[in-house]
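A.B. asks: predicted model, plus sequence, below.
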Amino acid sequence: MSTTTVQQSAGGAPVPAVAPAAAPARPRGRRGTAGSLLSHGLLTLASLIAIFPIAWLVFLSLGPDKDDYLHPGGIWSKMTLDNYSFVLQETAFFHWLQSTLLVSLGTTVIGVVIAATTGYAVSRMRFPGYKKFMWVLLCTQMFPIAVLIVPMYQILSSLQLVDTYFGLILVYCSTAVPYCAWLLKGYFDTIPFEIDEAGRVDGLTPFGTFFRLILPLARPGLAVAAFYSFITAFGEVAFATVFMLDDEKYTFAVGLQSFISEHDAQRNLMAATAVLIAIPVSAFFYLVQKNLVTGLTAGGTKG
């Protein structure tokens, strides 16, 4: 049983009471002021934590003395770019740059081509043992580098590929291709099979369908695979140290070790070199960043 509150007018006629206006409902998914401030505060804190190591490295690279890292407060009064001048003019920096880019880009091109064809074949074709084949690729990622160095060195030595760029590229591809094949297989699974059928109806061969129809649609996934392959080769140390014997063929990661001796370490020069090394990686990331997020998320939606 409900009741209605009424008021009487001056003439005695009852007048319904006007209920107070209800507060507007908050749209679904919209945070309040406190929640918004908290989320922005956490994101700001996370950004500062991520940026701090980079800013600290740049700051140490401006100190002229190798022991300035012990007393970083004194760097403010004697900041200089002499470390960068020394690295660029007195070291084999540009040889390291040439070797690193050659190995990294070679690994990227060869690795992505092999991974793309492998991932597409497993995604579209059903042949005996295709699932076991993918699991074998996954299992190759379980072996530590220390276990792989000796057998890989023996294989490269028998092929006369020790101290060659191509030999180091093949070694890096053995690490990058299995992961990229799994990544691209998941991405190819999201592309409808009807596109392949349409290509066959138009008279395209399987290779023509792959290169002319599928690869353009898989651009985000290819961008992620290329970025992973590039980073894998760019910053690797163990394989490059063992397989590259000529000083002029050192990559950046190995060249940094030249600043460390048994009783000394020139940390100011190492910091300056590390900052310079980050420039090519940042440039490559800028080229692929448009497709990077899409490629990282799309491959996990199916398969």
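C.D. replies: Looks like it arrived, so ask away. Given the structure is predicted, the values throughout are model-derived calculations rather than measurements.

A.B. asks: same for the one helix or strand residue 89 maps to, what does it pack against?
C.D. replies: Element membership of residue 89 [criterion: DSSP states H and E] is helix 82-90. Helix 82-90 is packed against helix 267-298, with contacts defined by 3 or more Cβ pairs under 8 Å, 6 or more residues apart in numbering; DSSP states H and E. (Glycine included, C-beta is placed from N, CA and C.)

A.B. asks: starting at the chain centroid, how far to the helix it packs on?
C.D. replies: A distance of 8 Å separates the centroid of the chain from that of helix 267-298, by Cα atoms, centre = their mean, to the nearest Å.

A.B. asks: that helix vs helix 82-90, what angle?
C.D. replies: Helix 267-298 and helix 82-90 are oriented at 90 degrees to each other (axes from the mean of the first three to the mean of the last three Cα atoms, to 10 degrees).

A.B. asks: show me what helix 267-298 is packed against.
C.D. replies: helix 33-61, helix 82-90, helix 93-124, helix 219-234, helix 252-255.

A.B. asks: export these to CSV and tack on mean neighbour count?
C.D. replies: Shown next, in CSV, are the helices and strands packed on helix 267-298 (neighbours: other Cβ atoms under 10 Å):
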stretch, mean neighbour count
helix 33-61, 11
helix 82-90, 15
helix 93-124, 20
helix 219-234, 23
helix 252-255, 22
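
A.B. asks: among those, which is nearest residue 278?
C.D. replies: helix 33-61 (7.7 Å; Cβ to Cβ).

A.B. asks: what's the spacing between that closest one and its chain's center?
C.D. replies: Distance, centroid of helix 33-61 to centroid of chain: 20 Å (Cα atoms, centre = their mean).

A.B. asks: could you measure residue 39 against residue 33, distance?
C.D. replies: Residue 39 sits at a distance of 11 Å from residue 33 (criterion: Cβ to Cβ, to the nearest Å).

A.B. asks: now the helix or strand residue 175 falls within, how far from the chain's geometric center?
C.D. replies: Per DSSP H and E: residue 175 is located in helix 165-189. Centroid separation for helix 165-189 versus its chain: 14 Å, with Cα atoms, centre = their mean.

A.B. asks: and that helix, average pLDDT?
C.D. replies: The average pLDDT within helix 165-189 is 89.

A.B. asks: cool, stretch 218-226 as well?
C.D. replies: Here the average pLDDT along stretch 218-226 is 87.

A.B. asks: distance between it and the chain's centre?
C.D. replies: The answer for stretch 218-226 is 11 Å, by Cα atoms, centre = their mean.

A.B. asks: same check on stretch 143-151?
C.D. replies: 24 Å.

A.B. asks: contacts for it, please.
C.D. replies: Stretch 143-151 has contacts (Cβ atoms under 8 Å, 6 or more residues apart in numbering) with 238-239, 242.

A.B. asks: check what pLDDT the residue nearest to residue 184 when sequence neighbours are not counted gets.
C.D. replies: Leaving out its chain neighbours, the residue that sits closest to residue 184 by Cβ to Cβ, 6 or more residues apart in numbering is residue 119, at 3.4 Å. Residue 119 is assigned a predicted lDDT (pLDDT) of 88.

A.B. asks: contacts only, for residue 119.
C.D. replies: Each residue near residue 119 by Cβ under 8 Å, 6+ apart is listed here: 180-188.

A.B. asks: and if you look at residue 278?
C.D. replies: residue 54 are the contacts of residue 278 under Cβ under 8 Å, 6+ apart.

A.B. asks: what about it, distance to residue 234?
C.D. replies: 10 Å.

A.B. asks: do the same with residue 151
C.D. replies: From residue 151 to residue 234 the distance is 24 Å (Cβ to Cβ).
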